[in-house]
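**Q** Sharing a model that was predicted from the sequence below.
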Amino acid sequence: MSLSLTFLVLLVLALAGFVLGRQRAMALCGGDLRRLHSLPGYYGWHGAIMAALPAFLVIAVWQIAQPLVIESRLSAMFPAEMVQEDAARTLLFADVRRIAAGLDMAVATGAMSAAEAAGLQVGDGSVRDRLAAVGVALGAEVQAETLAAAQEYRGLAQTGMVMRSLLVLVVAVAGLAYALRLTGPEFRARNRVEAVMLALLMLASLIAILTTVGIVLSMLSESIRFFGMYPVQDFFFGLTWSPNFSGNSQLGLLPLLWGTLYISAISMLVAVPVGLFAAIYLAEFADARVRSVVKPLIEVIAGIPTVVFGLFALVTVGPLLRDWIAMPTGLGNSGSSVMTAGIVIGILNIPFISSLTDDIITAVPQSLRDGSYGLGATKAETVSQVVLPAALPGIVGAVLMAASRAIGETMIVTMGAGAAAKLDMNPFEAMTTITVKIVSQLTGDTEFNSPETLVAFALGISLFVITLALNVFALWIVRRYREQYE
């Protein structure tokens, strides 16, 4: 039974649990609801929860444990040196899973029979080409050990799927039966349901925290490996970025950091005035009809994919700046430049700043405005001397959060600013950022254990610290000054 079908069965059992639990409670109280500790709906929800929640937990544990168990069994099929290091092992089994998925797809589409997929050999032709025919791309030709492991992986995964489905059904039915057995006039169903909901809310918060911790630990562990191969001081204070996978690389952070901050600064010079003035107009001066039209049009920008903005920078903004400003003034002759990327990222951030600032200005108490008008101030004086100072902490927080978004932008920089890592003050020269180099160092057929690849994790942890500091500073400003106007 596939996972989607298993979820559908669990949904049906949960609905059955709700109906049966509610009906059993009504039957036991003889129609007199005063005899029940909780409302009948709570008994129904208890039945649904007991039918679904334990089974979902079994699925979650199974999905985590099954790949680990299968990989441990398949490790014996490879030479020890291929699975000794964690990074190499991870990449190897990623290929195994990709090939296994390709074989499954080939069988599902009729390109291969099940027997042919199970008995396929490297000598039967290019396995890579045969899998490419069904839409599975592989970086290199498949080795015999990897193909054999993928075929074994398919068999173990299918066996595991059957065992998982049986176990989930048994747990779900047992949970439903247990819930019906507990159902009675004295059973505190409401307390049980509310406790489960509280636990689910806490789990949601915990997942967010653990995700952040996992991101940090994954980058930190690989960064430590990188700094074991490359001097720390050369990375943080080096003035040259020149990776060379054959050796003698210069992996200085400063050129990338300069490009990141330079592009972000230009983007904020574009986004902050336009976004702030748009928010002031919409919140304080525009009537309801204009606001209902202009605000959605501004926020449409937020829904445009960044790759579209990249094309806009490449085709329109870059050539325009080159032909009208850079070349006539002798500052450059390329459409890819810091100014191009900065302007387009600024346009991308306009709705972010405008929407947040609009909400912040609208939240300023009306009593402050009324008091200002009562003292004889005009509309403009009230906005500039009362409303904006009151909203300033939130506005600063919105600006800093927008800056962290600008720092993390990749696609627009790739298409609009080029890939040159250098220290230069000319805004019409091509430069690059940290995020672009993270992508470039991790793509391609390169050795994962080399410092030229592991430097991406050091760049990632550096960028994480920068954006985290900006976000923490923004939150501190908002919380520090918020109570002055409550």
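**A** On my side now, so go ahead.
**Q** mind showing which ranges of the stretch 101-250 of the chain have poor pLDDT?
**A** Within the stretch 101-250 of the chain, the ranges that satisfy pLDDT under 70 run 122-142, 245-247.
**Q** residue ranges for the strands of it, please.
**A** Counting by DSSP state E, counting those that start in this stretch, the stretch 101-250 of the chain has these strands, from start to end: 241-242, 250-251.
**Q** What strands line up against the first one, and which way round?
**A** Looking back up the chat, that one is strand 241-242. Taking DSSP bridges as the criterion, strand 241-242 sits next to strand 250-251 (antiparallel) in its sheet.
**Q** Buried residues in the helix or strand following the partner strand, which are they?
**A** Secondary structure here is assigned by DSSP states H and E; on that basis, the next helix or strand after strand 250-251 toward the C-terminus is helix 254-280. Under the neighbour-count criterion of 16 or more other C-beta atoms under 10 Å, helix 254-280 has 254-264, 266-268, 270-272, 274-276, 278-280 buried. Heads up, the C-betas are built off the backbone N, CA and C, glycines and all.
**Q** Can you tell me how far Phe7 is from Arg73?
**A** 27 Å (C-beta to C-beta, to the nearest Å).
**Q** my bad, should have said Phe312
**A** With distances defined as C-beta to C-beta, the gap from Phe312 to Arg73 amounts to 51 Å.
**Q** same thing with Thr109?
**A** Relative to Arg73, Thr109 is positioned 28 Å away (C-beta to C-beta).
**Q** and if you look at Val344?
**A** For Val344, the distance to Arg73 equals 51 Å [C-beta to C-beta].
**Q** now swap in Ser337 and tell me
**A** Counting by C-beta to C-beta, the gap from Ser337 to Arg73 is 54 Å.
**Q** more neighbours, those two?
**A** When Ser337 is set against Arg73 and neighbours are counted by other C-beta atoms under 10 Å, the residue ahead is Ser337, at 30 against 13.
**Q** and the residue lying closest to Ala179 once chain neighbours are set aside, how many residues sit next to it?
**A** Nearest residue to Ala179, sequence neighbours excluded (C-beta to C-beta, 6 or more residues apart in numbering): Met50, at 3.7 Å. Neighbouring residues of Met50 were enumerated by other C-beta under 10 Å; the total is 25.
**Q** Met50 contacts Thr183, doesn't it?
**A** No: counting by C-beta atoms under 8 Å, Thr183 is not a contact partner of Met50; they are 10.1 Å apart.
**Q** how near is the nearest residue to Phe285 once chain neighbours are set aside to Val290?
**A** Beyond its immediate neighbours in the sequence, the residue positioned closest to Phe285 (C-beta to C-beta, 6+ apart) is Lys379, lying 7.4 Å away. Going from Lys379 to Val290 by C-beta to C-beta gives 16 Å.
**Q** So which residues of the stretch 151-300 of the chain form helices?
**A** Ranges of helices within the stretch 151-300 of the chain are 189-229, 232-237, 254-280, 288-300, based on DSSP state H, counting those that start in this stretch.
**Q** Tell me which of these sits nearest to Pro451.
**A** Using C-beta to C-beta as the measure, helix 189-229 is the one of the helices of the stretch 151-300 of the chain that comes nearest Pro451, at 4.3 Å.
**Q** can you tell which of the helices of the stretch 151-300 of the chain is closest to Leu454?
**A** Nearest to Leu454 among the helices of the stretch 151-300 of the chain is helix 189-229; the distance by C-beta to C-beta comes to 3.8 Å.
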